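Asker: pasting the structure only:
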């Protein structure tokens, strides 16, 4: 997963792919926490980025569950 995955990229995925991304992100977060606990973590900012990616995925999944459609601004 890229550093700071964009919501627009995640919106293009179907539900199964989104669950796969969530699983990958949670696994990466576990590994980063393990590295932090053992003192081997070099990039502490990555922890924050992965947590935000997980939150972004959960938000998108909830939007789909509720049937909320968001309009992306054309920038």
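Answerer: Nice, I can see it. The structure presented is a predicted model; accordingly, all values stated were derived computationally and were not measured.

Asker: which residues are in contact with stretch 4-12?
Answerer: Stretch 4-12 is contacted from outside by 18, 21, 49, 52, 53, 56, 57, 60, 70, 72, using CB atoms under 8 Å, 6 or more residues apart in numbering. Backbone N, C-alpha and C define where each C-beta goes, glycine included.

Asker: roughly how far apart are the residue most central in space within the chain and residue 60?
Answerer: Centroid check for the chain by CA atoms, centre = their mean gives residue 53 as the closest residue, at 2.3 Å. Per CB to CB, to the nearest Å, residue 53 is found 11 Å from residue 60.

Asker: same question, residue 52
Answerer: According to CB to CB, residue 52 stands 13 Å off from residue 60.

Asker: comparing those two, which shows the higher neighbour count?
Answerer: Ranked by neighbour count (other CB atoms under 10 Å), residue 52 and residue 60 place residue 60 first, with 20 against 13.

Asker: report the secondary structure state of that one.
Answerer: Following DSSP: H, G, I helix; E, B strand; the rest coil, we place residue 60 in the helix state.

Asker: and the nearest residue to it once chain neighbours are set aside, how many neighbours?
Answerer: In this structure, residue 60 finds its nearest non-sequential neighbour in residue 10, 5.4 Å apart by CB to CB, 6 or more residues apart in numbering. For residue 10, the count of nearby residues is 18 (other CB under 10 Å).

Asker: which elements pack onto the longest helix anywhere in the chain?
Answerer: Looking across the chain with DSSP state H, the single longest helix is helix 15-38. The helices and strands touching helix 15-38, judged by 3 or more CB pairs under 8 Å, 6 or more residues apart in numbering; DSSP states H and E, are helix 45-66.

Asker: what angle sits between the helix it packs on and helix 15-38?
Answerer: Compare the direction of helix 45-66 with that of helix 15-38 by axes from the mean of the first three to the mean of the last three CA atoms, to 10 degrees and you get 150 degrees.
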